[in-house]
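Student: need a structure here:
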Amino acid sequence: MSTADGAVIGTTQIAGSAPRNRAFNVVLLAEGFTAAQQNDFNNACMTFVNTFRTTPPFDELSAAINVFRVNVRSTDTGADDPVAAGGTGATVRTYFDASFGGNNIRRLLICNTTTALQVAAAQVPEFIVVLLVVNSTIYGGSGGSVGTYSLAGGATEIAIHEMGHTAFGLADEYPYYAGGNETGHDHHPAGEPGEPNVTTNSNRNTLKWRWAVASTTAIPTMANPNCSQVDGRPNPVPTGTVGLFEGAHYYHCGAYRPEYDCKMRALSVPFCRICRQVIWNRIGPLATLSARARTPISVIARFPEHLDVFAVASDGRTVSNWWDQSSGWAGWFNLMGGIASPGGPGSPVTAVHRYAGHIDLFTVGTDNRVWSAWWDAATGWHSWFQIGDLVCRQGSVINVVSRYSDHIDLFTTASDGRVMSTWWDVRSGWAPWFHVQGGVAASGAPVTVVARYPFHLDLFTVGTDNRVWSCWWDERSGWHGWFQIGNLQCRPDSTVTVVSRFPDQLDLFTTAADGRIMSIWWNSRKGWANWFHVSGGVASPGSPVTAIARYSGHLDLFVIGTDNRIYSTWWHENQSWAGWFNVSGGVGMPGGQVAAISRATEHLDLFTVGSDGLVYSTWWDGATGWAGWFALGVT
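Tutor: Numbering: from 1, shown residues only. Down below sits the predicted model:
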């Protein structure tokens, strides 16, 4: 009946090891367990943990999740079961005063939420969600500020469903309230529900989950032909299709759910894609990122006190994290549901900021088409869209340059290796893709680009003969033919990294066939120099050389070595190249990349995928030297 009918015994952390102050902390409270039944509660908690941690998407996020059980004894077993709601009439003495029959619906299991929240706060002050485990085999549960579930058959499924309400604000997707035969639930009232997984809107262009709906999917996808009853027909489309399925939010018609089935509609089925995304967006920022081993990381500095990092998770999701001097790292989040092509090292997400309040992203999708999304400070993120009909090589890189704030140039390789380009201008939109001067790249070789002036572009790639080739475009004369730069024989998948330290100078870096790190330079006064070996360095097979010019008389290089350690060297004007050194003991993935950026002249930030598959970062400052590597998550 009240806290006089029992006592709090103690708290035990039963899963997870994340720091409490930046973890998703789940607290399980015992209700209706006597002193002699505490081991039953302990077993029920472990059953929950085992199911919870293997349920997508929680299985991907377990590194950021802690689970605590709070043992509480009650005088009696179970919960109240009022006759008015179809129950037995039982009245029991329990600590949290749990009762079936909320709103005269027997399965609606409620409790004294104030007491539950007070106990959770006292035992685990950093709690995120509280679930009350009720010692009864009568089916029941509820969401709200405290989730409840009984130990009926499928208890853990009830628990995870109710957590969907309590922790993530998800709506029930089933099309009835009290079993399906009740009156007054034929048509959903006017107005858009606030929950992210139900809607009354049937407009494809404004649908809240439009980013996940294929252009070929009909909207609505399934409409109820008889609003006086629940639509029991089978799924008309393949399982997992995101669309608009009528019958949700307790109503037969007028409300829609994203997929035919979902854990928020029926137990023992997976969460739908929209619910998984909502969960991931809530917990994901607390976790470190397991990334594709060799897919390059992109980083931009829209201003000196801010960084935006873009990566591809191990399952292909396009993700981002950002850092601001005033708040630290925000945590990883999924970019509008995007999935990148897995071929080769995997397609990266490349980014450009045409001005400080805008970001444009590009990747090759799983259909091997080029996709883009954008963010603006005024409107936030906008959905991915396809650019033309070009079919790329699996895993192709989209390199991008913004010669001025209202213009973008893209370069990539088609499925047959042709070097392709398109451009966008604020006045005319996207142009068609075109073949750049007949160029064909070696299998796996990207096309790199630099804009030395707003009216000039230089391109570089490794050709099918494994030599380095270049061509250039000038606003006054157009595109010029490809020409070979020296006789260096490269790895076929080598990247030609280019830096323009000032408008009339180019420095190139790549890897020879035997892995040697090679460089050459061009100057408008002297033309092309000869290739030379940079300080004896040798790269891990497939690892590109990253180059940064912090100012016109200085270069910093970074690479993964043959021992998979992260190495750097530097050059200063009128001095020779320094020797290679291991950066703060860092170890990367074989063939991996080291992303680098200089947001201030005397500062460098590095990013890579470590030997454990997680994304790491370190930094160097002229005043303090190199910092240690840390796993990138939230701070």
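
Student: domains in this protein, by residue range?
Tutor: 3-168, 171-272, 288-631 (automatic domain parsing).

Student: can you give me the first-to-last residue distance of the second one?
Tutor: End-to-end distance for domain 171-272: 12 Å, by Cα to Cα, to the nearest Å.

Student: so what's the gap between it and the chain middle?
Tutor: 26 Å (Cα atoms, centre = their mean, to the nearest Å).

Student: before we move on, what about stretch 95-114?
Tutor: 37 Å.

Student: make JSON lines out of the domains of the chain and add distance to Asn281.
Tutor: Glycine gets a C-beta too; all of them are placed from N, C-alpha and C. JSON lines is the format used below for those (distance: least, Cβ to Cβ, whole Å):
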{"stretch": "domain 3-168", "distance to Asn281": "9"}
{"stretch": "domain 171-272", "distance to Asn281": "9"}
{"stretch": "domain 288-631", "distance to Asn281": "6"}
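
Student: which one, of those, ends up nearest to Arg282?
Tutor: domain 3-168 (5.7 Å; Cβ to Cβ).

Student: and the closest one, how far apart are its ends?
Tutor: End-to-end distance (Cα to Cα), domain 3-168: 29 Å.

Student: quick check: mean pLDDT of that domain?
Tutor: Averaged over domain 3-168, pLDDT sits at 94.

Student: next one: stretch 468-478
Tutor: 97.

Student: show me what it is in contact with.
Tutor: 436-437, 439, 455-463, 479-486, 488, 490, 496, 508, 510 (Cβ atoms under 8 Å, 6 or more residues apart in numbering).

Student: hey, where'd the helices end up in the chain?
Tutor: 38-52, 113-123, 155-168, 273-283 (DSSP state H).

Student: okay if I get those helices as a markdown table plus mean neighbour count?
Tutor: A markdown table is the format used below for the helices of the chain (neighbours: other Cβ atoms under 10 Å):
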| stretch | mean neighbour count |
| --- | --- |
| helix 38-52 | 17 |
| helix 113-123 | 17 |
| helix 155-168 | 22 |
| helix 273-283 | 21 |
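
Student: let's have the ones you listed in JSON lines, adding distance to Tyr251.
Tutor: Listed next are the helices of the chain as JSON lines, based on distance: least, Cβ to Cβ, whole Å:
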{"stretch": "helix 38-52", "distance to Tyr251": "30"}
{"stretch": "helix 113-123", "distance to Tyr251": "27"}
{"stretch": "helix 155-168", "distance to Tyr251": "17"}
{"stretch": "helix 273-283", "distance to Tyr251": "18"}
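
Student: of all those helices, which one is nearest Asp416?
Tutor: helix 273-283 (33.4 Å).

Student: what is that closest one packed up against?
Tutor: Secondary-structure packing of helix 273-283 (3 or more Cβ pairs under 8 Å, 6 or more residues apart in numbering; DSSP states H and E): helix 155-168, strand 333-339.

Student: hmm, try it at 10 Å
Tutor: With contacts taken as 3 or more Cβ pairs under 10 Å, 6 or more residues apart in numbering; DSSP states H and E, helix 273-283 sits against strand 24-31, helix 155-168, strand 317-324, strand 333-339.

Student: angle of it against strand 333-339?
Tutor: Calculated by axes from the mean of the first three to the mean of the last three Cα atoms, to 10 degrees, helix 273-283 forms an angle of 150 degrees with strand 333-339.

Student: now do helix 273-283 against strand 317-324, angle only.
Tutor: Using the same axes, to 10 degrees: helix 273-283 against strand 317-324 is 30 degrees.

Student: flag the shaky bits of the chain, pLDDT-wise.
Tutor: 1, 635 (pLDDT under 70).

Student: the same query, at a cut-off of 50, please.
Tutor: Under the criterion pLDDT under 50, no range of the chain is flagged.

Student: which residue lies farthest from the center of it?
Tutor: Farthest-out residue of the chain from its mean C-alpha position, per Cα atoms, centre = their mean: Gly89, at 49.5 Å.

Student: related to what we said a few turns ago, out of the helices and strands packed on helix 273-283, which is closest to Val634?
Tutor: Nearest of the helices and strands packed on helix 273-283 (Cβ to Cβ): strand 317-324, 8.1 Å.

Student: quick one: buried residues of the closest one?
Tutor: 317-323 (16 or more other Cβ atoms under 10 Å).

Student: distance between it and the chain's centre?
Tutor: 7 Å.

Student: check stretch 121-135 too.
Tutor: 28 Å.

Student: can you give me the end-to-end span of that stretch?
Tutor: Termini of stretch 121-135 sit 22 Å apart (Cα to Cα).

Student: quick one: the spatially closest residue to Asn235 that is not a sequence neighbour from Thr318, how far?
Tutor: The spatially closest residue to Asn235, leaving aside those adjacent along the chain, is Tyr260, at 4.0 Å (Cβ to Cβ, 6 or more residues apart in numbering). Taking Cβ to Cβ, to the nearest Å as the measure, Tyr260 falls 26 Å from Thr318.

Student: thought the residue farthest from the centre of the chain was touching Asp81?
Tutor: Yes: the pair Gly89 and Asp81 passes the contact test of Cβ atoms under 10 Å, sitting 6.7 Å apart.

Student: quick one: neighbours of Thr137, just the number.
Tutor: 12 (other Cβ atoms under 10 Å).

Student: surely it meets Ile158?
Tutor: No: using Cβ under 10 Å, Thr137 is not in contact with Ile158, being 11.9 Å away.

Student: list the contacts for Trp423?
Tutor: By Cβ atoms under 10 Å, 6 or more residues apart in numbering, the contact set of Trp423 is 401, 403, 407-411, 429-434.

Student: just the buried ones from those residues?
Tutor: 401, 403, 407-411, 433.

Student: any chance of the residues you listed in JSON lines, plus distance to Ala23?
Tutor: Output for those, formatted as JSON lines (distance: Cβ to Cβ, whole Å):
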{"residue": "Val401", "distance to Ala23": "41"}
{"residue": "Arg403", "distance to Ala23": "45"}
{"residue": "His407", "distance to Ala23": "44"}
{"residue": "Ile408", "distance to Ala23": "40"}
{"residue": "Asp409", "distance to Ala23": "43"}
{"residue": "Leu410", "distance to Ala23": "40"}
{"residue": "Phe411", "distance to Ala23": "42"}
{"residue": "Trp433", "distance to Ala23": "46"}
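
Student: coming back round to it: ok, which of the domains of the chain comes nearest Ile279?
Tutor: Per Cβ to Cβ, nearest to Ile279 of the domains of the chain: domain 3-168, 5.4 Å.
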